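Novice: Take a look and give me a structure for this.
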Amino acid sequence: MKKVLLLIMSVIMLTACSSDDDGAGVKNNAPSTQVFVMGQEVKANAAAPVSVLATYAPAYYFIRVDNRIPNMGACKPNYYWPRTVRGGSVFAEGNKGTVNTTYPYWKFFGQDGITKYVYDTTGKAVQATLGDVPSYASLMSANQDWSLDVDEIDTKDLHIIWYVSKFESGVWHVDGVLTFKSVDNITDVPGINKDNKFEDSAETPSLPNDGKGNIEVDIHQQEHNTWQEIKTTVHVRDLVDNVVVEIPLEYENIAESDDFAIRTYDVELESRIYINGTEYALDSTNPVKVTIEHRADKAVFTIVCKDAKYLAALRKEFEDGVTVEIHTYPKNLTPEVVWGKLKNSTVKVSPASYEHLIFKGATSALFTELVL
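Specialist: Numbers count the residues shown, from 1 in each chain. Take a look at the predicted model:
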């Protein structure tokens with residue numbers, strides 16, 4: 001099912017912040033190698049969260065109660081608390097909180113006045129929608145139906161599974177279930193079943209056999225006044241074991257804020273993610289891995305994307321695959337010498353039998369080569 005989402009990927013622009021030149025085109029205080037995946041900067045051995053500026057709106061929180069809890073009396077699992085004396089919903093300060101309105105809610109065109117929702121019987125998907133959440137004590141301070149003796153309930157070993165956020169009749173609601181901490185799915189509570197009007201199945205597309213799949217690599221010498229940069233872009237549009245880029249730039253000639261011989265950059269995602277408004281189930285939570293080696297005689301970049309479902313989702317939504325950018329900063333050498341080395345760069349794809357590699361050699365914004 002399609003969701004309402006504008007997937008926001010923050011593309012971080014690189015800025016030249018130094019005006020000093022040492023005569024060899026070296027940027028003072030040069031940064032470490034930078035890696036971007038799908039436009040988002042990834043730190044070494046760290047997650048790559050999507051940068052979204054969230055906005056929040058008031059929401060009213062309600063709970064159902066597991067009647068196995070001691071001193072529940074005749075409390076029914078289909079009652080929503082806090083309640084009025086006649087069993088209606090209470091909208092008061094005690095059960096008021098907020099929800100994230102920029103989350104990619106599913107659209108709903110059914111009955112009940114619900115137009116947007118996120119539903120998950122484990123509560124995990126709903127967590128990302130929650131803003132300020134009222135405590136159990138605050139919730140029940142708004143209760144007007146005293147058939148439930150709130151003071152008799154010991155909540156020490158209990159928790160609330162918030163299983164749905166929804167925009168209903170012009171008001172945001174969040175519903176949960178008060179149950180034992182050992183319970184991790186509301187359907188394990190007697191009398192509470194999955195609500196089938198909420199669909200929660202993610203799409204699992206397969207890679208298209210449309211002839212458009214390939215691995216495309218671009219290695220480009222950027223033009224700057226007082227410092228040097230090599231931008232390596234790898235587009236992975238086919239499922240392969242790995243892509244290896246080798247640039248014959250020596251360890252001692254690569255500028256780093258802290259020297260390193262090898263680093264790994266992992267993109268960490270949930271097993272279910274939203275892409276361009278549709279929810280997809282992935283094969284893994286680490287669909288992309290980039291390894292950078294600074295060897296004595298060359299820099300080696302290894303890109304791995306073996307998650308077929310992630311690649312298929314990107315192909316379906318954007319007619320493209322995974323895009324990886326690696327920014328490398330040479331030092332000690334003139335641009336002419338760097339360009340001479342760059343022209344000897346190589347790209348290999350595993351398996352070696354793969355036939356759809358597109359690499360036409362390195363290019364430069366400073367120098368041109370005549371192709372005879």
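
Novice: mind listing the helices for this structure?
Specialist: Assigned by DSSP state H, the chain shows helices spanning 124-127, 136-141, 308-318, 335-342.

Novice: what does stretch 240-250 contact?
Specialist: Surrounding stretch 240-250, the residues in contact under the criterion C-beta atoms under 8 Å, 6 or more residues apart in numbering are 215, 217, 219, 230, 232, 234, 236, 296-304, 306, 326, 328, 330, 338, 341-342, 344-351, 354. C-beta: built from backbone N, CA, C; applies to glycine.

Novice: So, low pLDDT: which residues of the protein?
Specialist: Low-confidence segments of the chain, defined by pLDDT under 70, span residues 1-31, 45-53, 73-74, 109-111, 199-204, 209, 369-372.

Novice: thinking again about what came up before, please spell out the ChimeraX selection for the buried subset of the contacts of stretch 240-250.
Specialist: Those of these that count as buried under 16 or more other C-beta atoms under 10 Å are selected in ChimeraX with:
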select :215,217,219,230,232,234,236,298,299,301,302,303,304,306,326,328,330,338,341,342,345,347,349
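
Novice: And the residue lying closest to Asp120 once chain neighbours are set aside, how far from Glu317?
Specialist: When the adjacent residues along the chain are set aside, Asp120 lies closest to Val126, with 5.3 Å between them (C-beta to C-beta, 6 or more residues apart in numbering). The spacing between Val126 and Glu317, counted by C-beta to C-beta, to the nearest Å, is 24 Å.

Novice: And Lys166, by the same measure?
Specialist: Distance, Lys166 to Glu317, using C-beta to C-beta: 25 Å.

Novice: For Gly123, which residues are in contact?
Specialist: The contact partners of Gly123, by C-beta under 8 Å, 6+ apart, come to 161-163, 176, 186.

Novice: returning to what we had before: highest mean neighbour count out of the helices of the chain?
Specialist: Between the helices of the chain, the one whose residues have the most neighbours on average, counting mean count of other C-beta atoms under 10 Å, is helix 308-318 (a mean of 20).

Novice: I'd say the residue nearest to Asp120 and Lys166 touch.
Specialist: No: taking C-beta atoms under 8 Å as the contact criterion, Val126 and Lys166 are not neighbours in contact, 10.0 Å apart.

Novice: Please enumerate the shared neighbours of those two.
Specialist: Counting by C-beta under 8 Å, 6+ apart, the residues touching both Val126 and Lys166 are 118-119, 174.

Novice: Using JSON lines, lay out those together with distance to Gly88 and neighbour count.
Specialist: Listed next are the shared contacts of Val126 and Lys166 as JSON lines, based on distance: C-beta to C-beta, whole Å; neighbours: other C-beta atoms under 10 Å:
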{"residue": "Val118", "distance to Gly88": "25", "neighbour count": "25"}
{"residue": "Tyr119", "distance to Gly88": "23", "neighbour count": "21"}
{"residue": "Val174", "distance to Gly88": "18", "neighbour count": "26"}
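
Novice: which among those gets closest to Ser138?
Specialist: Val174 (13.4 Å; C-beta to C-beta).

Novice: Look up the closest residue to Ile161, ignoring the ones flanking it.
Specialist: Spatial nearest neighbour of Ile161, excluding adjacent residues (C-beta to C-beta, 6+ apart): Gly123 at 4.1 Å.

Novice: Nearest to Ser89, out of the helices of the chain?
Specialist: Put simply, out of the helices of the chain the one that sits nearest Ser89 is helix 136-141, at 12.2 Å, with distance taken as C-beta to C-beta.

Novice: contact partners of stretch 71-78?
Specialist: Stretch 71-78 is contacted from outside by 64-67, 147-149, 152-154, 189-192, using C-beta under 8 Å, 6+ apart.

Novice: From the chain's centroid, how far away is it?
Specialist: Computed by C-alpha atoms, centre = their mean, to the nearest Å, the chain-centroid distance of stretch 71-78 equals 40 Å.
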